[in-house]
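>>> Need the 3D shape of this:
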Amino acid sequence: MTDRTPRTPRETPYDLTKVGTRPLAGRPNLVDLSMLGTPTGPDAPVRDFLAGLPPVLATKDLRALAGHVVRAHRGGHGVAVAMGGHVVKTGCAPFLIDLARRGIVTSFHMAGSTAIHDFEIAAIGGTSEDVAKGLGEGIYGMSDETGRAFAAAAQRGAADQTGLGRALGVGLLASSAPNCGVSLLAESARLGIPCTVHVAVGTDTVHMHPTGDGRDLGEATLVDFRLACTVVSKLAHGVWINAGSAVILPEVFLKAVTVARNTGHPVEDLTTANFDMLPHYRPTTNVVKRPPARGYNLTGHHELMLPLFRMAVLAEMEP
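Coordinates of the predicted model:
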């Protein structure tokens, strides 16, 4: 029987003796000694620690963003922070509240879940239930006080046109909730800065509560969208930061920019940043790339990145 298997010609090893080389010392390099980090001791000032980080990639972006935040603050321009629920769940609210108390952050913008977690921390000092267990028993998301508070706030925020975020914050302060000092909602109301809540109906546990009213909820969150448009319309030379919201708040931001520019506010020289554990399409496209003069993507865990961001801003504030 004849073997009809095709024969592949055997390649001859390349003769490397003819390859030209060049001196290492004369070669241009992308990395040099100026890009190496400087280790600091455990008692070193935070400013020295930050200065010792390798001045490349994320460090370079973080320090550049901090510089833009400080310039915006000193120039009287806005610094807005929009955030998903995980920012609160990872314990980062106090760091953002501190920046607001210092007058550096000038507004907060939340998804519905963010407001729920923030409210529950203020009210009882805990949040984030065991979803799998509660779902199996049919009790997931059925916390009575949270649902009642949101329904009442939606009714007030719609009736007096202050919006859902302000109504929730005022309600927490009025009820003397025990943990208002670590609540973004309550502290925003106390400081008198905007705090908007952007609801996608059906996505939040409070929408299952029997006292909820769709007309109140829709009107209150629409007021908040219009307030966010006002914030963005005044954000020229300012900063918009998106932290941990992959869909809702990047979309809100894009529409607010459109409204602002459509009505004669160009929102020029805008700086944006996205903090998240993973890169996502909408934050990258709608926040970092499309609207701003410059944008930064800083990837990492919130509980590390946001405290580090705060310290970078405070270090930049020092003379």
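>>> now the helices for the stretch 201-319 of the chain?
214-233, 248-262, 281-282, 302-317 (DSSP state H, counting those that start in this stretch).
>>> Tell me which of those helices sits nearest to Phe108.
Ranking those by their distance to Phe108 (criterion: C-beta to C-beta) puts helix 214-233 first, at 9.8 Å. For every residue, glycine as well, the C-beta is placed using N, CA and C.
>>> And the contacts of the closest one?
78, 80, 106-107, 109, 150-151, 153-155, 157-158, 161-165, 167, 194, 196-199, 201, 207, 240, 252-253, 255-257, 259-260, 263, 265, 267 (C-beta atoms under 8 Å, 6 or more residues apart in numbering).
>>> ok, residues contacting the strand or helix carrying Ala154?
According to DSSP states H and E, Ala154 maps onto helix 144-159. Helix 144-159 is contacted by residues 115-116, 119-120, 123, 162-168, 170-171, 205-206, 208-213, 215-217, 219-221, 223-224 when judged by C-beta under 8 Å, 6+ apart.
>>> Narrow these to those that are buried.
When the contacts of helix 144-159 are checked for burial by 16 or more other C-beta atoms under 10 Å, the buried set is 115-116, 119-120, 123, 162-168, 170-171, 205-206, 209, 212, 216-217, 219-221, 223-224.
>>> now the end-to-end length of stretch 99-109.
Terminal residues of stretch 99-109 lie 15 Å apart, using C-alpha to C-alpha, to the nearest Å.
>>> which other residues reach it?
Under C-beta under 8 Å, 6+ apart, the answer for stretch 99-109 is 69-70, 73, 78-83, 96, 165, 184, 187-188, 191, 193-196, 198, 228, 231, 249, 252, 310, 313, 317.
>>> Buried among those? Need that as a selection in PyMOL.
With 16+ other C-beta under 10 Å as the criterion, this PyMOL line picks the buried residues out of the contacts of stretch 99-109:
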select buried, resi 69+70+73+78+79+80+81+82+83+96+165+184+187+188+191+193+194+195+196+198+228+231+249+252+310+313
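>>> In helices only, show me the contacts of stretch 99-109.
69-70, 73, 96, 165, 184, 187-188, 191, 228, 231, 249, 252, 310, 313, 317 (DSSP state H).
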